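J.: missing the sequence, but the structure's below:
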């Protein structure tokens, strides 16, 4: 029987002042699974020496990559739960709408801030300094498993375990962080989906019944990159800090349970500028995804057989919000990029970076 017991694992998280310099985590983030892998490149000699066996290998550069997944929750240890992943994707600090008790998160030109993750895996603590979120997927589907899920593609500078030189966090650090209650999970049934043109503000008539959605956000960060040392980069076995390496890519895929209207195809054919939002309400908490300017990129209504015909479409948001001002944050602040997030959680202030 394995000594490792996944249910004991705790995910500690905190933003870093300096990329790759681990901090003692002080907040917990609920999650469901972790699959971050450390890879140490092994360099093999290519000399021919008349033997069939390999010669001794030399240890080379280190890569630490993988996915962290969970269900969206809006309160946990007063950390806001999902807010840390939103902040990491956005690449910048949030702002506070005190009048509406909301925290806003706006995507940034550069993803300059990083954070430390720490997992207590019972056998040892695993610590990942210099974490950045390259990709973020948010999805949900109506039915028995109707939780709203997230998966973050993590690029870390390193992965250290208990006993490794330089590790900052230990089991006492993680188990000493107390929670203030169970996470308030968000489900598909908590959502209202609206979409319409940009001639006026979205209203009740713009609500659309959907059965599934997937929002993909790709920061297009550089892959692990290595160089010689200099005054800032002091370990040539570890990656340079990942930087944005292309345009940010965001797309929303939607499934309508029954094909009963051609409006989506009309929007696509006419190249109609649209606005779209997904708004979740859970008791006194809120989670809003706002796409102020977007286009239908693809649409389909495949016939699977004798069953009802479903309807799927994909929209691509773009950075053209100045053309209309009907979709803003609740305090009327303009959403100046392709996407904006608003959260009302147990956190009284946005994540500070």
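T.: Alright, I've got the coordinates. What you see is a predicted model; the values in this text were computed from it and never measured.

J.: please count neighbours and contacts with C-alpha atoms only from this point.
T.: OK.

J.: which secondary element of this structure has the worst mean pLDDT?
T.: Between all helices and strands in the chain, the lowest mean by mean pLDDT, DSSP states H and E belongs to helix 83-90, at a mean of 81.

J.: residue 130 against residue 158, yeah?
T.: Yes: if you go by C-alpha atoms under 8 Å, residue 130 and residue 158 touch, sitting 7.3 Å apart.

J.: the more surrounded of these two?
T.: The residue with more neighbours, out of residue 130 and residue 158, is residue 130; 28 against 22, by other C-alpha atoms under 10 Å.

J.: how much space separates that one from residue 95?
T.: 23 Å (C-alpha to C-alpha, to the nearest Å).

J.: cool, residue 49 as well?
T.: From residue 49 to residue 95 the distance is 64 Å (C-alpha to C-alpha).

J.: more neighbours, the two?
T.: Per other C-alpha under 10 Å, whichever of residue 49 and residue 95 has more neighbours is residue 95, with 16 against 9.

J.: roughly how far does the more buried one sit from residue 329?
T.: 11 Å.

J.: buried ones in stretch 290-305?
T.: For stretch 290-305, a neighbour-count test (16 or more other C-alpha atoms under 10 Å) marks 290-297, 299 as buried.

J.: hang on, the earlier thing: next helix or strand past the least confident helix or strand of the chain?
T.: strand 95-97 (DSSP states H and E).

J.: before we move on, the earlier item: what touches both of residue 95 and residue 329?
T.: By C-alpha atoms under 8 Å, 6 or more residues apart in numbering, residue 95 and residue 329 have these common neighbours: residue 104.

J.: and residue 161, how many neighbours does it have?
T.: Neighbour number of residue 161 under other C-alpha under 10 Å is 21.

J.: that should have said residue 261, apologies.
T.: 9.

J.: now swap in residue 255 and tell me
T.: Neighbours of residue 255 under the rule other C-alpha under 10 Å: 21.

J.: possible to save the buried residues of stretch 290-305 as a markdown table with distance to residue 42?
T.: Output for these, formatted as a markdown table (distance: C-alpha to C-alpha, whole Å):
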| residue | distance to residue 42 |
| --- | --- |
| 290 | 46 |
| 291 | 45 |
| 292 | 48 |
| 293 | 48 |
| 294 | 46 |
| 295 | 47 |
| 296 | 46 |
| 297 | 44 |
| 299 | 46 |
